[in-house]
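Participant: What shape does this take:
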Amino acid sequence: MVFREENKDKMTLLPGQMLAILSAFLFGISPALCKLVMGEMPPVLLAGLLYLGSGTGLWIFLFFRHENTLEELKRLSRRNRLKLLGAIISGGILAPLFLAYGIKRGSAYEVSLLLNLETVATTVIARLVFREHVGPSVWAGKALVLSGAFIITAGAAGGPSLSVAGLFVMAACVLWGVDNNLTRDVEEISSAALACAKGLAAGVFNTIAALLIFPGGAAAYRAASVLLTGAMSYGISLVLFVEALRRIGSARTGMLFAAGPFFGVMLSIILLGERPPSSFWVAALTMLAGIGLLYRESHAHLHDHVVQSHRHKHVHDEHHRHGHEGLAVGEEPHDHFHTHEQLTHHHVHWPDMHHRHGH
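Facilitator: Numbering: from 1, shown residues only. Reported below is the predicted structural model:
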């Protein structure tokens with residue numbers, strides 16, 4: 001059977017690797033943008049507005065697409081509701097709070113650099129806790145990216161060092177590593193609805209907390225700028241990131257996400273006039289080599305698919321060969337409860353929702 005690809009939507013046509021890199025770009029530029037607009041804004045308020053902008057922007061997007069986020073959340077299983085709650089607390093409330101304090105106390109260059117630690121946390125948690133397969137090329141690519149981060153740190157400070165701001169960013173990265181692995185498994189709702197729920201819940205919580213603790217708030221134009229940054233760097237970026245998680249798994253998505261700090265450093269040079277040392281360019285090439293190594297990864301072997309029943313958006317491909325009795329559905333991406341029959345075959349794949357088998 002030949003499955004037509006031209007009818008898929010634009011996001012479906014993009015490979016998981018490209019989605020991860022686009023997400024990394026949008027997120028990576030956020031420290032420089034926040035540093036530019038936050039002024040004397042309290043870090044708690046910065047964290048709240050970033051996610052409030054993310055959730056609000058995505059809610060408007062879903063509203064015009066006639067998608068009901070509440071209805072999607074209601075159909076989540078109890079297990080996935082708990083995972084979503086854990087993701088909201090770790091990655092939506094606590095992680096941006098730590099990052100905001102890091103941005104407040106450190107330079108955009110330092111913060112952007114240390115965001116590379118998120119890929120370490122994501123990969124280690126994916127391997128040790130969730131038993132996701134991590135092959136030699138993934139570890140090799142990660143080693144190159146971390147080597148680049150080490151070169152920059154050593155070149156900038158005359159030797160490896162870690163400031164208070166760096167400790168805040170490190171804590172944020174560990175929390176986002178937990179968030180990434182929890183989010184990967186919440187597959188019963190669309191990535192946009194998931195990101196919207198996380199943004200609104202975390203944004204409202206931290207914004208209210210900030211206004212109670214720091215009644216002065218912030219100037220309207222600064223608040224609006226942060227909301228816009230949140231919609232772009234946390235809202236759109238998170239949708240792309242969740243899609244990548246579902247297609248290529250936590251370890252690979254986290255690894256490609258390491259490109260984000262590179263984009264952030266470049267923007268800090270352009271907007272803030274920061275000047276990293278010459279060793280940065282050596283480190284940048286090392287990091288790009290690691291990203292390129294992972295992007296070219298090809299993982300294929302004979303594997304088994306067990307009988308599985310679930311619900312998610314899909315098109316008819318080799319993993320979705322079911323019929324639609326009583327449903328007038330074409331080949332556009334559609335969403336309904338369906339069952340996968342047992343299947344054994346060989347093809348290039350990643351640890352998406354249909355390929356989380358052992359090796």
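Participant: What about residue 273, how many residues nearby?
Facilitator: Per other C-beta atoms under 10 Å, the neighbour tally for residue 273 reads 7. To be clear about C-beta, it is placed using only N, CA and C from the backbone, and glycine gets the same treatment.
Participant: Need phi/psi at it.
Facilitator: Phi and psi for residue 273, reported as degrees, to the nearest 10, are phi 70, psi 20.
Participant: Let me know the distance separating it from residue 32.
Facilitator: Per C-beta to C-beta, to the nearest Å, residue 273 is found 11 Å from residue 32.
Participant: swap in residue 178?
Facilitator: 26 Å.
Participant: Who has more neighbours out of those two?
Facilitator: Shown here are residue 178 and residue 32; by other C-beta under 10 Å, residue 32 has more neighbours (27 against 20).
Participant: could you list every residue that touches the more buried one?
Facilitator: Residue 32 makes contact with 108, 112, 264, 267, 268, 271, 272, according to C-beta atoms under 8 Å, 6 or more residues apart in numbering.
Participant: which of the residues you listed count as buried?
Facilitator: With burial judged by 16 or more other C-beta atoms under 10 Å, the buried subset of these is 108, 112, 264, 267, 268, 272.
Participant: Adding secondary structure and distance to residue 204, write those out as JSON lines.
Facilitator: Converted to JSON lines, the buried ones among the contacts of residue 32 look like this (DSSP: H, G, I helix; E, B strand; the rest coil; distance: C-beta to C-beta, whole Å):
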{"residue": "108", "secondary structure": "helix", "distance to residue 204": "27"}
{"residue": "112", "secondary structure": "helix", "distance to residue 204": "28"}
{"residue": "264", "secondary structure": "helix", "distance to residue 204": "27"}
{"residue": "267", "secondary structure": "helix", "distance to residue 204": "29"}
{"residue": "268", "secondary structure": "helix", "distance to residue 204": "30"}
{"residue": "272", "secondary structure": "helix", "distance to residue 204": "30"}
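Participant: Which stretches in the stretch 201-350 of the chain count as strands?
Facilitator: Assigned by DSSP state E, counting those that start in this stretch, the strands in the stretch 201-350 of the chain fall at 300-305, 308-314, 334-340, 343-348.
Participant: In the stretch 101-250 of the chain, where is pLDDT below threshold?
Facilitator: 130, 132-134, 149, 152-163, 250 (pLDDT under 70).
Participant: where exactly do the helices run in it?
Facilitator: For the stretch 101-250 of the chain, applying DSSP state H, counting those that start in this stretch gives helices covering 108-114, 117-128, 136-157, 164-184, 191-213, 220-230, 237-256.
Participant: For residue 214, which residues are in contact?
Facilitator: Residue 214 makes contact with 42, 44, 45, according to C-beta under 8 Å, 6+ apart.
Participant: Name the nearest residue to residue 230, ignoring sequence neighbours.
Facilitator: Distances taken as C-beta to C-beta, 6 or more residues apart in numbering put residue 53 closest to residue 230, at 2.8 Å, once the chain neighbours are dropped.
Participant: just checking, what packs against the helix or strand containing that neighbour?
Facilitator: Under the criterion of DSSP states H and E, residue 53 resides in helix 43-64. Where contact means 3 or more C-beta pairs under 8 Å, 6 or more residues apart in numbering; DSSP states H and E, helix 43-64 is packed against helix 30-37, helix 95-105, helix 191-213, helix 220-230.
Participant: Let me have these in JSON lines, extended by distance to residue 167.
Facilitator: Converted to JSON lines, the helices and strands packed on helix 43-64 look like this (distance: least, C-beta to C-beta, whole Å):
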{"stretch": "helix 30-37", "distance to residue 167": "16"}
{"stretch": "helix 95-105", "distance to residue 167": "8"}
{"stretch": "helix 191-213", "distance to residue 167": "20"}
{"stretch": "helix 220-230", "distance to residue 167": "23"}
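Participant: Residue 172: which of those is closest?
Facilitator: Nearest to residue 172, of all these, is helix 95-105, at 3.9 Å by C-beta to C-beta.
Participant: Can you tell me what sits against the closest one?
Facilitator: Counting by C-beta under 8 Å, 6+ apart, 31, 34-35, 38, 43-44, 46-47, 50-51, 111, 114, 163-166, 168-169, 171-173, 175-176, 179, 202, 206, 234 sit against helix 95-105.
Participant: before we move on, back to that, and the residue nearest to residue 230, how far from residue 207?
Facilitator: On the measure of C-beta to C-beta, residue 53 and residue 207 end up 10 Å apart.
Participant: Also residue 21?
Facilitator: 30 Å.
Participant: Tally up the residues packed near the nearest residue to residue 55 once chain neighbours are set aside, please.
Facilitator: With sequence-adjacent residues excluded and distances taken as C-beta to C-beta, 6+ apart, residue 55 is closest to residue 199, at 2.7 Å. Residue 199 has 27 neighbours, counted by other C-beta under 10 Å.
Participant: which residues does residue 199 contact?
Facilitator: With C-beta under 8 Å, 6+ apart, residue 199 has these contacts: 51-58, 92, 230, 234-235, 238.
Participant: repeat that with 10 Å
Facilitator: By C-beta atoms under 10 Å, 6 or more residues apart in numbering, residue 199 lies in contact with 50-59, 88, 92, 230-231, 234-235, 238.
Participant: With residue 211 instead?
Facilitator: Going by C-beta under 10 Å, 6+ apart, residue 211 touches 42, 44, 45, 48, 217.
Participant: ok, residue 179 touching residue 92?
Facilitator: Yes. Between residue 179 and residue 92 there is a contact under C-beta atoms under 10 Å: 7.4 Å.
Participant: Many thanks, have a good one.
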